[in-house]
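In: Just a sequence and a predicted model for now, questions to come.
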Amino acid sequence: MKSNRNISSMSISIVGGTGRMGMLLARILKAKVKKMSIVSRDIARAEETANGLNVSWLPLEQAHKSDIIIVSVPIQETVKICKNIAQKMHQQSLLVELASLKTGITEAIKDSIPASVEYLSLHPLFGPQVKDITGKRFVAVEPASGSLTTEFLEMLQECGAVIKKATVKEHDLAMASIQVLHHFALITFSSALSRFAEENGLSEYLTESLEKTLQNIENIYENWNTIYAIQSLNPNAQKARKILAEVANQSIDAKNIAGEPLRQAISLLRKP
């Protein structure tokens, strides 16, 4: 069912809008709505960020006054902030959070929001360093969707985004491979490298391939709190790490040397 309102006449508040992902979304979506506001506990920082983006700003206590509230904060703070805001939101408004984990988060938020408020759980499958979201993927979990949810997702698609809809279970199972396994492999590699190669002067031997890997390791280090939360809270994480440990303990055989596991992984992930 279509809403009687036009999303271009609505307002968006981005809680955590002084962060890199918040600023990216504010910059991209501000032309699509009547008013875009940056929200932060740090009022001075919110004002400075808003001025730099040529948008408005609001103190955290007033974030609920917007039609659409996007919560872009660390996983550990998501539920608390969403609960506090949702209780004050007006009818037919939309709450959106960007947590990269869904189990234990979407249920808690859904149970705490008024029936008149829509709720969308998004996961951007990209970092905030991108210039736009053309071709970039979002996973959308819809615990309490409605017409405004549909319009919001359509707005993202108009900006070039690709939307993949999933359940909480489907999302976290997929992320156990895409995030948990990937990150843990790099964490394990970092630990092994540190223990195996204690000598100095390795930078002179650094290959371009390893340089790319180090860039990924630096990204994990810079976002460690989020990475740790994903490793700790994803219900499929332990199983994923166990499989990695089992595979790591296997010896290299003819099948491995032929590169069959590599071909299989590439084929699996490159499917349309």
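Out: Nice, I can see it.
In: Quick check: buried residues in stretch 184-198?
Out: Neighbour-count burial for stretch 184-198, counted by 16 or more other CB atoms under 10 Å, picks out 184, 186-187. In this view, the C-beta of every residue, glycine as well, is placed from N, C-alpha and C.
In: how far does stretch 195-203 stretch from start to finish?
Out: 16 Å (CA to CA, to the nearest Å).
In: I meant stretch 20-37, not that one.
Out: 15 Å.
In: now that stretch: how far from the chain's centre is it?
Out: Chain-centre distance of stretch 20-37: 16 Å, with CA atoms, centre = their mean, to the nearest Å.
In: And stretch 209-222, by the same measure?
Out: With CA atoms, centre = their mean, you get 19 Å for stretch 209-222.
In: Alpha carbons of it, as PDB, please.
Out: Provided in PDB are the C-alpha atoms of stretch 209-222 (Å, rounded to 0.1, in the frame of the first residue of the first chain):
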ATOM      1  CA  SER A 209      49.600  -8.800  -2.800                       C
ATOM      2  CA  LEU A 210      50.500  -8.700   0.900                       C
ATOM      3  CA  GLU A 211      50.200  -4.900   0.900                       C
ATOM      4  CA  LYS A 212      46.500  -5.300  -0.200                       C
ATOM      5  CA  THR A 213      46.000  -7.800   2.700                       C
ATOM      6  CA  LEU A 214      47.600  -5.300   5.100                       C
ATOM      7  CA  GLN A 215      45.100  -2.700   4.100                       C
ATOM      8  CA  ASN A 216      42.300  -5.000   5.000                       C
ATOM      9  CA  ILE A 217      44.000  -5.800   8.300                       C
ATOM     10  CA  GLU A 218      44.300  -2.000   9.000                       C
ATOM     11  CA  ASN A 219      40.600  -1.700   8.400                       C
ATOM     12  CA  ILE A 220      39.800  -4.400  10.900                       C
ATOM     13  CA  TYR A 221      42.100  -2.700  13.400                       C
ATOM     14  CA  GLU A 222      40.400   0.700  12.900                       C
END
